[in-house]
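1. just a sequence and a predicted model for now, questions to come.
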Amino acid sequence: MESPSAGACLPEIRGVLFDLDGVLYVGSGLVEGAVEAVAMVRAAGIPRRFITNTSTLSRNSLLARLYGLGFDVDPEEVLTAPQAAAAYLRLHFPSAPCHLLLEENVRRDFGDITQTELEDADCIVVGDIGNNWSCQLLDRIFNRMIQGARLICIHKNRFWQTCGGLHMDIGGYVTALEYCSATQALVMGKPSPHFFGTAIEELGLPPEHVAIVGDDIDMDIGGGQAAGLRGVLVRTGKYRPAYAAASAIIPDRIIDSIRDLPALLGLPA
């Protein structure tokens, strides 16, 4: 992958999708200049959405984190993959018994969904459950899938960044289940075209005038570009130079961090 110029502006951009973890913050730590950069985009009147695959926090808990870090965000500006999953279940499987493999906090977004034990589920919703993964659990999910249950995953990320470094994400488990069951999971968050399409529709702009700013070259940049967006990769969070260089995905721009976004958009300092 050749590195695009970080200095050239993208004046045609009229809307921004912000990834959260790895772009605005990493774990509990704020990325330097992130609050100011978002404030400048807001002051310029540029429509924005904050989109995330995070599957451990409910939407309200995520808003509380953003407020606690100092971001000025309207609730309707936040779009999460668990939100998308819950909305999909309500629309397509309104009475189907579901089993939620989700952290307790994010279950709040699924309060009206019919829930049951794994062995009785027609839909299995998979998110991050930390150290609760086991060979036994994977085998139970597999057996339910070959009996016809639909696997719905919040996202299919390969790895994620914490304060302690990179960690394997749920994409590995989902891929194993797909392979063994010879079925495909339904992916709710990035890089799902539906997820990006929802965010673009909310902005009311043509996709070519919207930029996705993210640290994941696969899910953020690749997924966004496939949906017609411009991809801006930041060198924070899970970004690793060697991994990005080996990718076939070429971002429209690469910047050191979110603090460089206002200049990229041609905003006055």
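-> Arrived safely, thanks for sending.
2. sec struct for the closest residue in space to Leu261 that isn't next to it in sequence, please.
-> With Cβ to Cβ, 6 or more residues apart in numbering as the criterion, Leu261 has its nearest non-adjacent residue at 5.1 Å, and that residue is Ala37. Glycine gets a C-beta too; all of them are placed from N, C-alpha and C. Three-state call for Ala37 (DSSP: H, G, I helix; E, B strand; the rest coil): helix.
3. tell me the contacts of Tyr88?
-> 152, 186, 188 (Cβ atoms under 8 Å, 6 or more residues apart in numbering).
4. out of these, which is nearest to Ala211?
-> Met188 (22.2 Å; Cβ to Cβ).
5. from Met40, how far out is that closest one?
-> 31 Å (Cβ to Cβ, to the nearest Å).
6. of these two, give the one with the bigger neighbour count.
-> Met188 (28 against 19; other Cβ atoms under 10 Å).
7. how close does the more buried one sit to Thr80?
-> In terms of Cβ to Cβ, Met188 sits 9 Å off from Thr80.
8. what does Ala245 give?
-> Here Ala245 is placed at a distance of 30 Å from Thr80 (Cβ to Cβ).
9. strands of the protein, start to end?
-> 15-19, 25-26, 29-30, 48-52, 78-80, 98-101, 123-126, 150-153, 159-162, 165-168, 186-187, 210-214, 230-234, 253-255 (DSSP state E).
10. so which of these gets nearest Ser61?
-> Taking the strands of the chain one by one with Cβ to Cβ, strand 78-80 is closest: 10.2 Å.
11. pLDDT weak spots in the stretch 51-200 of the chain?
-> For the stretch 51-200 of the chain, applying pLDDT under 70 flags the ranges 162.
12. need the helices for it, in chain order.
-> 59-69, 81-92, 135-146, 171-181, 193-203 (DSSP state H, counting those that start in this stretch).
13. which of Ala245 and Thr80 has more neighbours?
-> With neighbours defined as other Cβ under 10 Å, Ala245 and Thr80 compare such that Thr80 has more, 26 against 11.
14. which residues does that one bridge with?
-> Thr52 (DSSP bridges).
15. ok, it to Ile146 distance?
-> 30 Å.
16. same check on Ile46?
-> 48 Å.
17. quick one: which of the two has more around it?
-> The residue with more neighbours, out of Ile46 and Ile146, is Ile46; 19 against 11, by other Cβ under 10 Å.
18. do you know the pLDDT at the more buried one?
-> Listed pLDDT for Ile46 reads 96.
19. now it. Nearest residue, chain neighbours left out?
-> Val16 (5.9 Å).
20. OK, contacts around that neighbour?
-> 41, 46-49, 210-211, 213, 261, 265.
21. switch to 6 Å and redo it
-> By Cβ atoms under 6 Å, 6 or more residues apart in numbering, the contact list for Val16 reads 41, 46, 48, 211.
22. identify the bridge partners of it.
-> Here Val16, judged by DSSP bridges, has bridge partners Arg48, Ala211.
23. please begin residue numbering at 7 from this point
-> Right, with 7 as the first residue, what we last looked at is Val22.
24. against Gly170, how distant is it?
-> 30 Å.
25. repeat that for Val132.
-> In terms of Cβ to Cβ, Val132 sits 23 Å off from Gly170.
26. the closest residue to Ala250 other than its chain neighbours: neighbouring residues, count only.
-> Distance criterion Cβ to Cβ, 6+ apart; nearest residue to Ala250, sequence neighbours excluded, is Ile223 at 5.1 Å. Per other Cβ under 10 Å, the neighbour tally for Ile223 reads 25.
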